[in-house]
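Undergrad: Below: sequence and its predicted model.
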Amino acid sequence: MNMSVIRTLLIVFSLMLPAVVHAYAEGVTLTEMPTGTVAPDFTLSDTDGNMHTLSDYHGKVVIVNFWTTWCPPCREEMPAMQRSWEIIQNENMVMLGINLGEDEDTIFEFTASYPVDFPLLMDLDSSVTTNWPVRGLPTTYIVDPEGNIAYRAIGGRAWDAGELLDRLRVLHRP
Amino acid sequence: MARFKHFITSNLTATLIAFVLSFLNIASASTTLGAAPDTGLKFWHWEDQGVLLELKQRLPDQTRGFFEARGFDQVSANKAGTACIFQTMLRNTGSADSGRVDIDLTQWQVSSGDSKTPMLLREDWNRIWKESPAQLAEPSRLAFEWSLLPTKQEFDPGDYNWGMTSYGLPPGSRFDLELNWLRIGEHHHGRIENIECPDDIHPEPPSAL
């Protein structure tokens, strides 16, 4: 190969490196929460009328995602969440999507375009959302088997990425 | 041997230049102004020191429609729609070890002509709706509050958030935005110039052929 071609490739690669590193880092980063940050308990109905209480999932890793249908990054990450759910649902993990302030019909219409199997809970008066340290949407928390918030992610993530899922699996180990 | 030395030197130099350029790509402030090809709505893409801000114009009619669909009466929807609203995205684009960014929108300033004003934030709008004769229903107020970018938020590397921002200027106004943020407690600031509030236009759908 011509040396000038090699040199050009080196330059192009160097220029692209930060973008590649950023793109990768954006999708899988999780922020560790201070040890002992207790996840506020809640009881909410899902779109099928089933009640879900967070403390009932003690002993499992719980992914709690706060979202709305009108929030673009929430919609964008929903397929990745579904793919993740298909991988982890038999690994003693639970995924809960908490919708802020929208009714069953709105969510039902949304799931026609973004089909998901994990429970979508309805926080109609925002009382649960405001009880958690949520500022904007989407925000996702990872609750460890003891009921503490282990990680936080503000904005969408590649929830089906192996590296990210491995960090959740580690939470099962003592 | 001399040829080999020349090859090593020239390639090392080229690579070093490339790395410096790529670093500058992250480290220097840059603003890109563009327009969506399908709508013509303008956007400003600004990045500096690992903070990215994207502002996209929202037509007053878009915002009116969005909130009317969430139970707003026409007067309230118009008030929101004509408050110079932008679809906004904020992101910490710093490297994994670059640290947390703290954003407090009360510290941002809107300069238009000779006046400097703060942005219209969630708290301001809550007060506006409380004082409004047309009392908004709670779900409508809730939808409005959560559709705005949060006033204060911390962004770890990779975190981003989306929401509307409002500047309280009439449609078609121009302004400069002064931004302030903390990274690991250290103060930083930036400025985006000549941002345009969207005009209150009512584009007609293309006529049928």
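TA: Cool, the structure landed. It should be emphasised that the depicted structure is a prediction, and the values quoted were computed from it without experimental measurement.
Undergrad: Skip the chain neighbours and tell me the closest residue to A:Val38.
TA: A:Asn148 (5.9 Å; Cβ to Cβ, 6 or more residues apart in numbering or on different chains). Any C-beta I mention is one placed from the backbone N, CA and C, and that applies to glycine too.
Undergrad: same question, A:Pro138
TA: Once flanking residues are discounted, A:Pro138 sits nearest to A:Cys74: 4.3 Å by Cβ to Cβ, 6+ apart.
Undergrad: all helices of chain A, in order?
TA: Remark: helices assigned in chain A by DSSP state H are A:3-28, A:72-88, A:104-113, A:127-131, A:162-169.
Undergrad: Just the buried residues of the shortest one, please?
TA: Translated: helix A:127-131. When burial is assessed from 16 or more other Cβ atoms under 10 Å in any protein chain shown, helix A:127-131 yields the following buried residues: A:128-129.
Undergrad: returning to that earlier point: can you give me the neighbour number for the residue nearest to A:Val38?
TA: As a burial measure, A:Asn148 scores 16 neighbours (other Cβ atoms under 10 Å in any protein chain shown).
Undergrad: Verify the contact between it and A:Pro40 for me.
TA: No: taking Cβ atoms under 8 Å as the definition, A:Asn148 is not a contact partner of A:Pro40, at 11.3 Å.
Undergrad: and the residue nearest to A:Pro138, what pLDDT?
TA: At A:Cys74, the pLDDT value in this model is 94.
Undergrad: Lowest mean pLDDT across the helices of chain A, which one is that?
TA: Minimum mean pLDDT among the helices of chain A: helix A:3-28, a mean of 53.
Undergrad: B:Arg91 contacts B:Val51, correct?
TA: Yes: here B:Arg91 reaches B:Val51: they are 7.5 Å apart, a contact under Cβ under 8 Å.
Undergrad: Contacts only, for the residue nearest to A:Pro138.
TA: The neighbours of A:Cys74, taking Cβ atoms under 8 Å, 6 or more residues apart in numbering or on different chains as the test, are A:67-68, A:137-138, A:156.
Undergrad: now these in a markdown table, with neighbour count?
TA: Below are those laid out as a markdown table (neighbours: other Cβ atoms under 10 Å in any protein chain shown):
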| residue | neighbour count |
| --- | --- |
| A:Trp67 | 25 |
| A:Thr68 | 21 |
| A:Leu137 | 25 |
| A:Pro138 | 27 |
| A:Gly156 | 24 |
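Undergrad: farthest-separated two in those residues?
TA: Pairwise distances across the contacts of A:Cys74 peak at 13.1 Å for A:Thr68 and A:Gly156 (criterion: Cβ to Cβ).
Undergrad: and the closest residue to A:Met95 other than its chain neighbours, how many neighbours?
TA: Excluding the flanking residues, the one nearest A:Met95 by Cβ to Cβ, 6+ apart is A:Phe118, at 4.1 Å. A:Phe118: 19 surrounding residues under other Cβ under 10 Å.
Undergrad: try B:Ser95
TA: There are 15 residues near B:Ser95, going by other Cβ under 10 Å.
Undergrad: what secondary structure does it sit in?
TA: coil (DSSP: H, G, I helix; E, B strand; the rest coil).
Undergrad: where's it relative to B:Gln49, distance?
TA: Distance, B:Ser95 to B:Gln49, by Cβ to Cβ, to the nearest Å: 12 Å.
Undergrad: do the same with A:Gly49
TA: 49 Å.
Undergrad: what about these two, which has more around it?
TA: The neighbour comparison of A:Gly49 against B:Gln49 (other Cβ under 10 Å) goes to B:Gln49, with 18 against 7.
Undergrad: how much space between that one and B:Leu55?
TA: 18 Å.
Undergrad: again with B:Pro198
TA: When B:Pro198 is compared with B:Leu55 (using Cβ to Cβ), they lie 11 Å apart.
Undergrad: Pull the contacting residues for the nearest residue to A:Ile88 once chain neighbours are set aside.
TA: Using Cβ to Cβ, 6+ apart and skipping residues adjacent in sequence, the residue nearest A:Ile88 is A:Leu165, 6.4 Å away. With contact set as Cβ under 8 Å, 6+ apart, A:Leu165 has these partners: A:84, A:87-88, A:159.
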